[in-house]
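**Q** Curious how this folds, go ahead:
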Amino acid sequence: MRIHHVRGLTLVELLVAMILGLLVLGACLHFYLASLRGTQDTLGVARVQESGRLAMELIGNDIRGAGDRLCDQRHAVANLLAERQRAFWKSLDEPLMGLAAAAGPGFADPVLEPGTAEGQRLPGMPALQVWTTTPLALGTPGQSASEAPLPATGKDLPDVGAPLLICDFSRAVLVRVTTTGAAVGHDAPANCVGYFATGEPCPAQTPPRAALHRFGADTAFGLPQQVRWHVGNDDHGVASLYRQELLDGAVVGGGVVASGVTHFSLHYLLAGNADYLPATEISGAQWNQVLAVDVQLQLETSTGPATEARIVRSFQQTLTLRNRLP
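**A** Sure, this is the predicted structure:
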């Protein structure tokens, strides 16, 4: 009986096989990493595009709606709030105001401080403050006495303590809600008076009944809100575009809208002008003459090593204030 010896792999053959295997594995890894990097770049661009479009849509809605009083824009808002002398509520008369890029602390109650801490306005970046009004799905079935709570029907009942804009085509008032439900109360001392006068909003003496205004079925209701836009560092130290919602001098909502901001500029068109101007060339008395705002925003992707070039996208929009259209 003949014995056959089975010959195995030599050491050299084994090493060659291992090297070939490593080469194949390396090639697979290379293609995987290239594909992963391409996917990351694509996702980064998509995020930048989405963030930029969202930011421009939100700031566009705020600018177009700045100073909207729901009813006849020719009538000034009669502020009945007990704290109507606060700087926060006095700014209601200036529905849109900008802050220059090189300015220090700006706006008021609260002051928007420059700095590099989270949420502060980055030095060298402009800011914007607007007043907007959110319409409520609310109505009143008919006229009631001026000093009585307003009967209310609808799904958007305001909370007690909320500031509420009430208007028709002859009068607009801002009150603090004291009761809610089937009727909306507007009593003192949350308001300077508990009725609606046709002349001085807060008269020292109760005017005759003929001088009191009665809201009826054509009444509109809305929630006024101050909104601020600025660029500041987020919790990761990345320059980001912030949108803040303020009420009674406190930030009650908002946050980062877009990260990776490398440029943000605001230029304003005044009535009678042909050129858009930066905030540095607009005096305090001219903000009520602003007809439109040119907004430019530039974002970059946050993926990839810092030593490599980032993908940058620019967004630009010219926005007109609806309530100042001829």
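**Q** my guess is residue 171 meets residue 212, correct?
**A** No: contact criterion CB atoms under 8 Å: residue 171 and residue 212 do not qualify, at 10.6 Å. (Each C-beta comes from the backbone N, C-alpha and C, glycine too.)
**Q** Return every residue with contacts to both of those two.
**A** Counting by CB atoms under 8 Å, 6 or more residues apart in numbering, the contacts common to residue 171 and residue 212 are 196, 198.
**Q** Give me the more crowded residue out of the two.
**A** For residue 171 against residue 212, the residue with the higher neighbour count under other CB atoms under 10 Å is residue 171, and the figures read 20 against 16.
**Q** Enumerate every residue touching the more buried one.
**A** Going by CB under 8 Å, 6+ apart, residue 171 touches 75, 78, 196, 198, 213, 215.
**Q** rerun that using 7 Å as the cut-off
**A** The contact partners of residue 171, taken as CB atoms under 7 Å, 6 or more residues apart in numbering, are 75, 196, 213.
**Q** part of a helix, is the first one?
**A** No: secondary structure assignment places residue 75 outside any helix; it is coil (DSSP: H, G, I helix; E, B strand; the rest coil).
**Q** Tell me if I'm right that it and residue 168 touch.
**A** No: assessed by CB atoms under 7 Å, residue 75 is found out of contact with residue 168, at 9.4 Å.
**Q** With neighbour numbers in mind, choose between those two.
**A** Higher neighbour count among residue 75 and residue 168: residue 168, with 20 against 15, using other CB under 10 Å.
**Q** Under the pLDDT cut-off, which ranges of this protein? List them.
**A** Residues of the chain meeting the criterion pLDDT under 70: 1-9, 36-42, 44, 302-309.
**Q** hey, where'd the helices end up in it?
**A** Assigned by DSSP state H, the chain shows helices spanning 11-64, 87-90.
**Q** okay, the shortest one in CSV with CA atoms only?
**A** Once non-C-alpha atoms are left out, helix 87-90 reads as follows in CSV (Å, rounded to 0.1, in the frame of the first residue of the first chain):
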residue,chain,number,x,y,z
ALA,A,87,-39.0,100.3,27.2
PHE,A,88,-40.1,96.9,25.9
TRP,A,89,-43.7,98.0,25.2
LYS,A,90,-42.7,101.5,24.0
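**Q** What lies in contact with that helix?
**A** Helix 87-90 has contacts (CB under 7 Å, 6+ apart) with 79, 81, 83, 108, 109, 248, 249.
**Q** Which of these are buried, as a PyMOL select command?
**A** This is how PyMOL selects the buried members of the contacts of helix 87-90, with burial counted by 16 or more other CB atoms under 10 Å:
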select buried, resi 79+81+248
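**Q** quick one: which of the contacts of helix 87-90 sit in strands?
**A** Counting by DSSP state E, the part of the contacts of helix 87-90 found in strands is residue 79.
**Q** of the contacts of helix 87-90, closest to residue 25?
**A** Within those, proximity to residue 25 (CB to CB) peaks at residue 249, which comes in at 62.9 Å.
**Q** close enough to count as contact, the closest one and residue 107?
**A** No: using CB under 7 Å, residue 249 is not in contact with residue 107, being 10.7 Å away.
**Q** which of the helices of the chain is buried the deepest?
**A** For the helices of the chain, the largest average neighbour count (mean count of other CB atoms under 10 Å) is found in helix 87-90, namely a mean of 16.
**Q** now that one, how far from the centre of its chain.
**A** Distance of helix 87-90 from the chain centroid (CA atoms, centre = their mean, to the nearest Å) equals 19 Å.
**Q** for stretch 85-92, same thing?
**A** Its chain's C-alpha centre and that of stretch 85-92 lie 19 Å apart, by CA atoms, centre = their mean.
**Q** same check, this time on stretch 45-57
**A** In terms of CA atoms, centre = their mean, the centre of stretch 45-57 is set 15 Å apart from its chain centre.
**Q** if I look at the residue most central in space within the chain, how far off is residue 182?
**A** Residue closest to the average C-alpha location in the chain (CA atoms, centre = their mean): residue 243, at 3.8 Å. Here residue 243 is placed at a distance of 35 Å from residue 182 (CB to CB, to the nearest Å).
**Q** Check residue 226 too.
**A** Distance, residue 226 to residue 182, by CB to CB: 30 Å.
**Q** between those two, who's got more neighbours?
**A** When neighbours are counted by other CB under 10 Å, residue 226 and residue 182 differ, and residue 226 comes out ahead with 23 against 10.
**Q** show me the contacts for that one.
**A** Residue 226 is in contact with 129, 131, 246, counting by CB under 7 Å, 6+ apart.
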